[in-house]
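> With the input below, show me the fold.
(one chain, ligands or ions: 3)
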Amino acid sequence: SLFYQAQISGRRIVGAEALIRWRHPVRGIVPPGEFIGLAEESDLIQALGAWVLYTACTDLAQWAQHPEMAHLTVAVNVSARQFHQVDFPDQVLAALDRTGANAQLLKLELTEGLLIKDIEGVITKMDKLRARGVGFSLDDFGTGYSSLAYLKRLPLDQLKIDQGFVRDILTDSNDAAIAKMVIVLADSLGLNVIAEGVETESQMSFLARQGCHSYQGYLFSRPVPRQDFVALVRQNTPGH
Ligand code: C2E
Ligand code: MG
Ligand code: MG
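Residues are numbered from 1 along each chain as shown. Ligands and ions are numbered 1, 2, ... in the order given. Next up, the predicted model:
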């Protein structure tokens, strides 16, 4: 099933990241770290990825019917093997068409690993989706093999500061320096920046002082089932 974790900007919920969970009859809720890698070794990731996209678009379309939910964006993680399929852009467009979701509210999260091969093909696919309004965020930024030369050519909207740099941001001066660098880089490239794994007020204040005003993390909410996410947004809506 699909869980949602709030993304915050200026203390308001502006969207959510869709995070998959496996409801196992015996083991309970199994986190994606335990099965996404396996699914990626086979073609299972394609069916799984298509299901996530379709489900997220269905929720987006449904939320559009409610004034307090209608502005929310949904970020969907896309694995390399899924993105490299020839018909990936068509799959996304078909999910948007079939569900009636607003493409402007869909954001795809790519990781640096996806950029290692066929960068021209990646850019072509991104352009095709961008032409319809779909946005792109670069997840786990700084943990892979980013080439700054490619970074300036990619039609991205956002860099996501990896939680590995946020965790010890107050005590490890290297992590703090890297986080600052990502914020400055995003700003210079004209991109948004969001920090993931924000667990404390002091991490948030530190990031805010550096110029990062969008956050995701346990400080605001854990990933929750969709009904709980809807309740969370309503609580967060003034006058509701
Ligand atoms: P990710 O995309 O970088 O997602 C962020 C992870 O950090 C999530 O783990 C989230 O639950 C966790 N997290 C969020 N806030 C905090 C915090 O404040 N502290 C800590 N310690 N952790 C926090 P999760 O849900 O276990 O997902 C792990 C990874 O699995 C994701 O990393 C993503 O790469 C992958 N994944 C999840 N759903 C999907 C999916 O639908 N498709 C694909 N291809 N990959 C997925
Ligand atoms: Mg992600
Ligand atoms: Mg991440």
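> average pLDDT across the helix or strand A176 falls within?
A176 belongs to helix 173-189 when assigned by DSSP states H and E. Mean pLDDT, computed over helix 173-189, is 96.
> Downstream of it, the next helix or strand is which one?
Proceeding C-terminally, helix 173-189 gives way to strand 192-195 as the next helix or strand, assigned by DSSP H and E.
> re earlier: contacts made by the helix holding A176 with the rest, please.
Outside helix 173-189, the residues that touch it by C-beta atoms under 8 Å, 6 or more residues apart in numbering are 141-142, 151-152, 156, 158-159, 161, 164-170, 192-193, 195, 206-207, 210-212. For glycine as for every other residue, the C-beta is placed from the backbone atoms N, C-alpha and C.
> SS state for the nearest residue to D127 once chain neighbours are set aside?
Nearest in space to D127, with sequence neighbours left out and distances taken as C-beta to C-beta, 6 or more residues apart in numbering, is P155 at 6.0 Å. For P155, the assignment made with DSSP: H, G, I helix; E, B strand; the rest coil gives coil.
> What residues does P155 make contact with?
Counted by C-beta under 8 Å, 6+ apart, P155 has contacts I123, M126, D127, R130, F136.
> That one and ligand 2, how far apart?
18 Å (C-beta to the ion, to the nearest Å).
> Please apply the same query to A208.
Counting by C-beta to the ion, the gap from A208 to ligand 2 is 21 Å.
> Now do the same for that residue: helix, strand or coil?
helix.
> By mean pLDDT, point me to the weakest helix or strand of the protein.
helix 148-151 (a mean of 85; mean pLDDT, DSSP states H and E).
> So what touches that one?
L115, I119, L138, L189.
> do that again at 7 Å, thanks
Contacts to helix 148-151, defined as C-beta atoms under 7 Å, 6 or more residues apart in numbering, come from residues L115, I119.
> For it, what is the distance to the chain centroid?
Per C-alpha atoms, centre = their mean, to the nearest Å, the displacement of helix 148-151 from the mean C-alpha position of its chain is 20 Å.
> Adjust the sequence numbering to begin at 13 for everything that follows.
All right, first residue 13 from here; so that's helix 160-163.
> buried ones in that helix?
The neighbour-count check on helix 160-163 (16 or more other C-beta atoms under 10 Å) flags L163 as buried.
> Next secondary structure element downstream of it?
Using DSSP H and E, the helix or strand that follows helix 160-163 towards the C-terminus is strand 170-173.
> Quickly check: that next one near ligand 3 or not.
No: contact of strand 170-173 with ligand 3 (C-beta under 5 Å from the ion) is absent, the minimum separation being 5.8 Å.
> and that strand, which strands flank it?
strand 147-153 (parallel), strand 204-207 (parallel) (DSSP bridges).
> quick one: F232 and Q19 touch, right?
No: with contact defined as C-beta atoms under 7 Å, F232 does not count as touching Q19 (8.5 Å).
> more crowded one of those two?
Q19 (26 against 18; other C-beta atoms under 10 Å).
> Just confirm that one is within a strand.
Yes: using three-state DSSP, the assignment for Q19 is a strand.
> Pull the number of nearby residues for E121.
19.
> what's the answer for Q116, then?
11.
> Torsion angles phi and psi at the closest residue to it other than its chain neighbours?
Nearest residue to Q116 in three dimensions, chain neighbours excluded: G145, at 4.2 Å (C-beta to C-beta, 6+ apart). Main-chain dihedrals, G145, degrees, to the nearest 10: phi 110, psi 0.
> Fine by me, thanks again.
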